[in-house]
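>>> heads up, no residue letters with this:
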């Protein structure tokens, strides 16, 4: 019997672990490529949309109109008695100006003290430079002088009568030497006037008080 020796070509196959090691770089490259494609796919709609996207800038709110200053308070309305007091000061200064004398400046403390005395005389029915409580032109001025205005001297003129007006009161003072000296002199440089209604001589009566002060 003849033995025929056969030669078989046996191809050696690598082991499974070796195959995986060889394929690993390829798998990694494919994975990277797939991730890149996925990223491009996700960006494409946004990129396309961005070509047509418009941006609207919100309009700024209109500027607020400048705040308007509060309207000035209307001038205070003077009472009839206050108007008579102001008129008395005016015609007194008119008289001084006509006679070449300097005008009196208004003294608010004098006016307050003059109103106090005019009201007190009208209420109690007396007519004197000194009140029943012992007040004097100087003490009444000091009581009202809360600002501490320095004065050298204070004096006054008083008048009353039925239907007395600023003009008739001034005429009475000018006709009395003791009162006239305050109106034509230069010792006093400020004035205030108070007026009040009361009664005298069994009828309605108006009381006028001129307060004069000498400021340094």
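Received the coordinates, thanks. Just so we're clear, the structure is a prediction, and the values are computed from it rather than from any experiment.

>>> tell me the phi and psi of the residue nearest to residue 210 when sequence neighbours are not counted?
For residue 210, ignoring the flanking residues on the chain, the nearest one in space by CB to CB, 6 or more residues apart in numbering is residue 157 at 4.0 Å. Where C-beta positions appear, they are placed from N, C-alpha and C, glycine not excepted. Here is the backbone geometry of residue 157 (degrees, to the nearest 10): phi -120, psi 140.

>>> so who does residue 157 touch?
173, 179, 182, 183, 208, 209, 210, 212 (CB atoms under 8 Å, 6 or more residues apart in numbering).

>>> and what of residue 198?
121, 122, 123, 125, 204, 205, 206, 207.

>>> please redo it, this time with the cut-off set to 10 Å
118-127, 160, 204-207 (CB atoms under 10 Å, 6 or more residues apart in numbering).

>>> tell me the buried residues within these.
118, 119, 120, 121, 122, 160, 205, 206, 207 (16 or more other CB atoms under 10 Å).

>>> wait, is the first one part of a strand?
No. Inclusion of residue 118 in a strand is not indicated when DSSP: H, G, I helix; E, B strand; the rest coil is applied; the result is helix.

>>> residue contacts, it?
By CB under 10 Å, 6+ apart, the neighbours of residue 118 are 81, 85, 158-160, 193-198, 206-209, 211.

>>> can you tell me which of those residues is nearest residue 141?
Closest approach to residue 141 among the contacts of residue 118 (CB to CB): residue 211, at 7.0 Å.
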